[in-house]
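Participant: Give me a 3D structure for the following:
(2 chains, ligands or ions: 2)
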Amino acid sequence: MYVFSIIVLIGLLAAAGLFLFTIVKLLWNAVKIPEKKPGLKLQLGRRIYLVIRNVFLQAKLFKDLGGGIMHALMFWGFIAFAAYSSDFLLSAIFPGFHLISGTLERVAFFTVDIFAMVVLLDVIHAVIRRWGIKIKRYQGYNGFEAWFILSLIAILMTTYFILAVLRLDHISQNIPGSIGESLVPMNTPISYALASVLPKISVSAGYYVYWTAFWIHALDFMIFLAYIPTSKHLHLFAAPFNVLFAKEDQAILKPIDFEKETRFGATDVRDFNWKDYFDFYACTECGRCTANCPANLTGKTLSPRDIIWDIRETLMAQGNEYRTKGGDRDQIFKTVIGDPIKEEDLWSCTTCMACVEQCPVMIDHVSKIVDMRRSLVLNQGKAPREVIDLTRNIEQYGSPYAIDPSTRADWAEGLDVVDLTKTPDAQYDVLYWVGCVASFDKRNQEVAKSIVKILKKADVKFAILGSKEKCTGDPARRTGNEYLADMMIKENVETLKANRVQKVITGCAHCFNSLKNEYKDFGIELEVHHHTEYINKLISDKKLNVKSIDSDTLEKYTYHDPCYVGRYNKTYEEPRDVVKTFALNYEEMEMNKSKALCCGAGGGRLWMEEKEGTMISHKRIEQADNVGASTVVTACPYCMTMLDDARKTTGREEKMKIQDVSELIASRIE
Amino acid sequence: MVDIVVLIKQMPDLEQVKPDPTTGEPQLKNVPLKLENLSENSVEEAVRLKEKYGGKVTAVIFGNEQSSAIMKKAYAMGADEGYIITGFKGNNPSLTAKVLGEKIKALKHDIVILGNQSADSISGLLGGKIASYLGIPLLGNANSIEVDGSTVKVKRALEENNQVIQANFPVVVSVTQEINEPRLPPVMQIMQAGRKPINTEAATITGREVRIISNKAPKSERKKIIFEDVDKGIAEVAKVLKEEMR
Ligand code: SF4
Ligand code: SF4
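Facilitator: Ligands and ions are numbered 1, 2, ... in the order given. Got it, this is the predicted structure:
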């Protein structure tokens, strides 16, 4: 064995050892610290699909096209390079041994050669993005790490080219351990082009250049390996697993078993499960989440990236302490709420899911934020004043409003609607779940009336629950009061069962999501439709005949996606299809569909004051104004309230209307 | 250490009380009871004092079967022990003070806390009556309470001045709504409250009661003017008021 082989072998073992050591530490944390379980289902097919789509094809990254292309090329180059590096190191340790040969070798080298150039250009591109045009989402975070890793990559590629050129110039052919000697020039076209333009050097000089490049390349590789798991580049290892383990229903909240559990919500790192730990490990600090967070975009300090990263840093530090010193868990695992995560930030979140939607490595920020709210509310009874009032109202009146619940169906008086409180034995096919806001809020009662009109016109046999209907529990749930939400949900489940409800339509995005996705955890499976979806079906089934009206030629429409219809339930097209049955002038806002900006009301924020920064709803109204919309169409009472208010308070009352999809249809089916 | 007796009250949720359309009498049937707002402030203050100085909080309520839910709420907020006194009817503050006074005598009481007036009867007499029955000082209308050794110091906002007054244990303190913001009880406490025993005792003292003969909502002819357009603001309201007053 050659001396250099032994050195490479020792170096490689040391680097691999360091790599494994760090990984084992991280896995140890994930096994030993958590006191909760993720409750994952096997779903092998879905998981394989996810890994192919989101890891190998890098699909989620393209939501930011520029950054996405850059990263995907880097990633694919990285995979190609892994083959090269393995061959390089094995040949160095065992000269004469080749991992790949023949066609496979030619294909591998061809790919590597192309990608080496691409990656090199990519590094330059990355440097420009980060330090040249200073893309906002990268700013302020671990600049050193990014710089260091980009240098390592650049050096790796450069030394690759040096070695390849030397090979093409026949300088390395007799050096033990050199690779690719049997290739023809056109197998590595970029290197060939380089070799033909670079000046030739003597064999002896080439010899020194070869060994210099060789050692730099080998050392670079080793540093890279040892460094990865200690930096944000841990995502190279953790992200594929995180995608593999991803929950199918991200941002959907899970019940608490109050009989069994003793730790409610997430107070410290023990309250996150091992899958959450992979979330923390997988975060690349890319800032895509924060760049799309409505709270952050309007000047609030909430940053979903910081939430994840702060817990990660806390976990690393406390995990280290626990591993090395052991001892009292209560002493070591101090709460993450307050420091480093500010309580106000937790309350700023609208649970809009924009962060989750954007995160390329499938991190679920929302359930963590709500879990920390749960900790505050359930363990300490701590919440903003408005949330406490909201809770009291739901407790006392079964809705967020301090209004006598027996008046819940007063809006339907004179409309000849079957009310199951009054006529419990009435026959019906579909239950129209009205929701609290449409029941009690004047503006939104108009929407409820429109829905009734549409259902009647289409001869749908429907009923409402009347004063038996209670808040779905969503506002309590998302403000962390799972105890109250649990009570509300169980009560509603009883009512739904007692009234033999199977099929539900609702005009509220939040009720829609709760009934559709969250009630199943409480023992009821319902067929739930959002009204836009249902109306769209009625139109395509020719049960409704939508006529244009005179003003249609003048109006300019745009559609605002409610988060709980869009991102939460991927219902993007149906509401648009309905609008397009009559709208002649339609234009999308700058942020739409999966990227739509929240109205600012979700997560209980409808009932809270928005003191920090500017109003999210104002920003949204501006976006609507930017496309010259005269009617902003929406499909959720929360959005209606926020946008209607924003329209008035920003002085756009004269030029803009906010309308629910159902109102527009109701006025076109006379 | 401060031992506190907090007097609480249940009342029908006024939001859900409607006058009978023909007789004008409030319909109280099926209206859920709730812990009266000022009682919630009183419990909150008692618990805060206990948290700060140590000691024990005992809650006392006049009630019936439904009162255990109300008492559990007080427990969830942090009261340690609770007594429901049943069988007491009547609307005579002197008598109420006597019954409560007897109960308080049987309990350790450095401070007795209650609301300065209840939302349903609004007599505001009870604090004074109890203090006189027990022969101890009353620190009325407190919007903050501090304890120093065995001295209770109370701040109160009067119409024209802010006063600070103090007296030694035992004292009766009546509190205002401004004194605190009642907490949301933590779940653990709510669950423990459900398991905690509640003492029920029948009232022994009887006397002459003041009976309510009739309690009607005043007849009012409403004009039912609705301001659809909130943003036209005060000017619009003033205009309409002027017109209507003519
Ligand atoms: S859910 Fe929305 S508001 Fe909350 S952190 Fe994520 S992006 Fe921000
Ligand atoms: S949480 Fe996801 S989107 Fe946010 S910084 Fe981390 S990897 Fe990027």
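
Participant: wait, isn't residue B:211 in contact with residue B:89?
Facilitator: No. The pair residue B:211 / residue B:89 is not scored as a contact, 9.0 Å apart, by C-beta atoms under 8 Å. For every residue, glycine as well, the C-beta is placed using N, CA and C.

Participant: Looking at chain A, what residue ends up closest to chain B?
Facilitator: Residue of chain A nearest chain B, by C-beta to the nearest C-beta: residue A:381 (3.9 Å).

Participant: And the helices in chain B?
Facilitator: Secondary structure of chain B, counting by DSSP state H: helices at B:37-53, B:67-77, B:93-105, B:126-134, B:187-195, B:233-245.

Participant: re earlier: which residues touch the residue of chain A closest to chain B?
Facilitator: Going by C-beta atoms under 8 Å, 6 or more residues apart in numbering or on different chains, residue A:381 touches B:183-186.

Participant: Tell me the pLDDT of it.
Facilitator: Residue A:381 is assigned a pLDDT of 91 by the prediction.

Participant: Then the one 10 residues further on?
Facilitator: Confidence per residue is given as pLDDT, and for residue A:391 that number is 94.

Participant: and after the one helix or strand it maps to, which helix or strand comes next?
Facilitator: Using DSSP states H and E, residue A:391 sits within helix A:385-397. Using DSSP H and E, the helix or strand that directly follows helix A:385-397 along the chain is strand A:418-419.

Participant: Show me what that following strand is packed against.
Facilitator: Packing contacts for strand A:418-419, counted by 3 or more C-beta pairs under 8 Å, 6 or more residues apart in numbering or on different chains; DSSP states H and E, involve strand A:462-464.

Participant: What's the mean pLDDT across the strand it packs on?
Facilitator: 98.

Participant: so does the next helix-or-strand element following that strand get close to ligand 1?
Facilitator: Scanning forward in sequence from strand A:462-464 by DSSP H and E, the next helix or strand is helix A:474-478. No. Using C-beta under 6 Å from any ligand atom, helix A:474-478 stays clear of ligand 1, with a minimum separation of 10.1 Å.

Participant: tell me which residues in the helix or strand just after helix A:474-478 are buried?
Facilitator: Heading C-terminal from helix A:474-478, the first helix or strand you meet, by DSSP H and E, is helix A:482-498. Within helix A:482-498, the residues that count as buried by 16 or more other C-beta atoms under 10 Å in any protein chain shown are A:482-489, A:492-493, A:495-496.

Participant: Any idea how many residues pack against the closest residue in space to residue A:391 that isn't next to it in sequence?
Facilitator: Among residues not flanking residue A:391 along the chain, residue A:481 sits closest, at 5.4 Å (C-beta to C-beta, 6 or more residues apart in numbering or on different chains). Residues near residue A:481, counting by other C-beta atoms under 10 Å in any protein chain shown, number 30.

Participant: How about the contacts made by residue A:481?
Facilitator: Counting by C-beta under 8 Å, 6+ apart, residue A:481 has contacts A:374, A:377-378, A:383, A:387, A:391, B:184.

Participant: Neighbour count and distance to ligand 1 added to these, as TSV?
Facilitator: Shown next, in TSV, are these (neighbours: other C-beta atoms under 10 Å in any protein chain shown; distance: C-beta to the nearest ligand atom, whole Å):
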residue	neighbour count	distance to ligand 1
A:374	26	15
A:377	26	17
A:378	26	20
A:383	24	17
A:387	24	16
A:391	25	20
B:184	25	22
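
Participant: The longest strand along chain B packs against which elements?
Facilitator: The strand that spans the most residues within chain B, counting by DSSP state E, is strand B:55-63. Using 3+ C-beta pairs under 8 Å, 6+ apart, the elements in contact with strand B:55-63 are strand B:2-8, helix B:37-53, helix B:67-77, strand B:81-86, helix B:93-105.

Participant: what's next to it, contact-wise?
Facilitator: B:1-10, B:43, B:46-47, B:49-50, B:67, B:70-71, B:74-75, B:78-86, B:88, B:96, B:99-100, B:103-104, B:107-110, B:203.

Participant: go on, stretch A:227-242?
Facilitator: Contacts for stretch A:227-242 (C-beta under 8 Å, 6+ apart): A:19, A:22-23, A:26, A:51, A:55, A:78, A:142, A:145, A:148-149, A:152, A:275, A:278-279, A:281-285, A:360-363.

Participant: and chain B, which residues reach chain A?
Facilitator: Within reach of chain A by C-beta under 8 Å from any C-beta of the partner chain, chain B has these residues: B:13, B:15-16, B:18, B:32, B:34, B:181, B:183-188, B:190-191, B:231.
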